[in-house]
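S.K.: Here's my sequence, what's the structure:
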Amino acid sequence: MTNIVRTFDHGVSWEKEFGVTQAYAVNGTIHISGQFSHDMQGEFVGPDDIQAQTRQTLSNLDRVLTGYGVSRSNIAYMEIYLTNPQRDFGECIAQFKEYLGTHRVAGTCLGVPSLVFPNQLIEISAVAYT
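M.R.: Residues are numbered from 1 along each chain as shown. This is a model prediction of the structure:
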C-alpha cells in the first residue's frame, strides 16, 4: 500500500525553526497541530483576551482546513487547551459552538497550567478527514 502524505504550513518563520508543520495528512486523515492566536506574520494576537485569541485560533484552523480543500464539517475530533478553564470555558465553548454550527465532533477540553507563549490562553488541535 502506498501512503499519500501531504503537509501544510502557514508560511511563518518559526515553523521551520521549530521543525513542525501545521498539519500532516496521510491517506485522507489530517492531523492538525495545535493552533493558537498568531497572525500570518507570526505575531501573537490578543494577549490576555480569550475572545480575540479564540477567534484567531479558529481562523487559523480554518486556514489549515482550506489548505486541504475541506471545511469545518470534515473535523472529526478537537482538543482544546485552556490556561484558565474556570474563567474562560464559557466564552470558549460559545465560540466553539458557533464555529461548528450543527456539526458535532468528538473532543476534549483540558485545563493546563501554561502554554508556550506568554499570555497565551488557548490552543486547539484537531483531526479531520478528506
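
S.K.: so residue 94 sits in a helix?
M.R.: Yes - going by DSSP: H, G, I helix; E, B strand; the rest coil, the assignment for residue 94 places it inside a helix.

S.K.: That one and residue 15, how far apart?
M.R.: According to Cβ to Cβ, to the nearest Å, residue 94 stands 30 Å off from residue 15. Every residue, glycine included, has its C-beta placed from N, CA and C.

S.K.: Mind checking which of the two has more residues around it?
M.R.: Residue environment comparison for residue 94 versus residue 15 gives the larger neighbour count to residue 15, 16 against 12, counting by other Cβ atoms under 10 Å.

S.K.: Give the full set of residues in contact with the more buried one.
M.R.: With contacts taken as Cβ atoms under 8 Å, 6 or more residues apart in numbering, residue 15 has the following neighbours: 9, 21, 22.

S.K.: Near the first one, how many other residues are there?
M.R.: Residue crowding around residue 9 was assessed by other Cβ under 10 Å; the count is 14.
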